[in-house]
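**Student:** Based on what follows, work out the 3D shape:
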Amino acid sequence: MQKFFRLPIVLVFSFIIGMQITTLAGLQLYFIFRWNGIVALLLFCAATFIVLIAAYQFKQSNTTLDPRAPEKTSSLISQGIFGYSRNPIYLGFLVVLLATAIYSCNIINLLFIPLFVWAANQLYIIPEEKALTQLFGDIYTHYQHNVRRWI
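**Tutor:** Down below sits the predicted model:
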């Protein structure tokens with residue numbers, strides 16, 4: 001299973017498809033509010049901004065963005081958006097899923113959010129943290145104590 005989800009974006013799209021299937025299959029508990037489309041769009045824009053800022057910081061630091069090879073990391077980024085979240089790209093993906101759930105107006109789709117957090121932690125974040133601890137030692141441990149994993 002981990003091999004199939006080697007790239008986090010595949011996991012995100014799988015969850016979006018799962019939300020759509022849930023809704024189309026009639027597994028629905030509707031919550032409808034007037035501004036759900038606007039709220040979903042704003043969340044999607046915020047998520048895109050978070051991911052792009054984080055990717056830009058990776059590029060500026062000249063280090064790998066590839067979650068499949070955290071051992072190739074050449075520098076630890078701890079400033080900017082990484083001063084608020086150790087995993088802003090995963091946070092951005094989570095916000096995309098939240099936007100999708102809100103847009104669908106289906107409360108059941110909100111259950112995908114904690115499932116995504118668990119899956120991202122198990123498949124990507126914990127292995128990345130182990131690799132970064134080996135690479136950067138006490139510097140990374142200090143960073144972990146000062147900056148939360150998600151937000």
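
**Student:** out of everything not next to it in sequence, what's closest to the most centrally placed residue in the chain?
**Tutor:** In the chain, the centroid-proximal residue (Cα atoms, centre = their mean) is Y90; its distance is 1.7 Å. Closest residue to Y90 apart from its sequence neighbours, by Cβ to Cβ, 6 or more residues apart in numbering: A120 at 4.9 Å. (Each C-beta comes from the backbone N, C-alpha and C, glycine too.)

**Student:** Quick check: that neighbour touching V10?
**Tutor:** No: at 11.9 Å, A120 does not count as touching V10 under the criterion of Cβ atoms under 8 Å.

**Student:** Between the two, which is the more surrounded one?
**Tutor:** Using other Cβ atoms under 10 Å, the more surrounded residue of A120 and V10 is A120, with 24 against 11.

**Student:** which residues touch the more buried one?
**Tutor:** Residues near A120 by Cβ atoms under 8 Å, 6 or more residues apart in numbering: P8, L11, N87, Y90, F93, L94.

**Student:** Now intersect those residues with the helices, please.
**Tutor:** Members of the contacts of A120 lying in helices (criterion: DSSP state H): P8, L11, Y90, F93, L94.

**Student:** Most neighbours among those residues, which one?
**Tutor:** Y90 (26 neighbours).

**Student:** Tell me how far that one lies from Y30.
**Tutor:** From Y90 over to Y30 the distance is 29 Å, taken as Cβ to Cβ, to the nearest Å.

**Student:** elements contacting the top helix by length along the chain?
**Tutor:** With secondary structure taken from DSSP H, the chain has its longest helix at helix 36-60. For helix 36-60, the elements it packs on are helix 88-104, judged by 3 or more Cβ pairs under 8 Å, 6 or more residues apart in numbering; DSSP states H and E.

**Student:** Any chance you could list what contacts the helix it packs on?
**Tutor:** 8-9, 11-12, 15-16, 19-20, 23, 36-37, 39-41, 43-44, 46-48, 50-51, 53-55, 81-82, 85, 109-110, 112-113, 116-117, 120, 124-125, 150-151.
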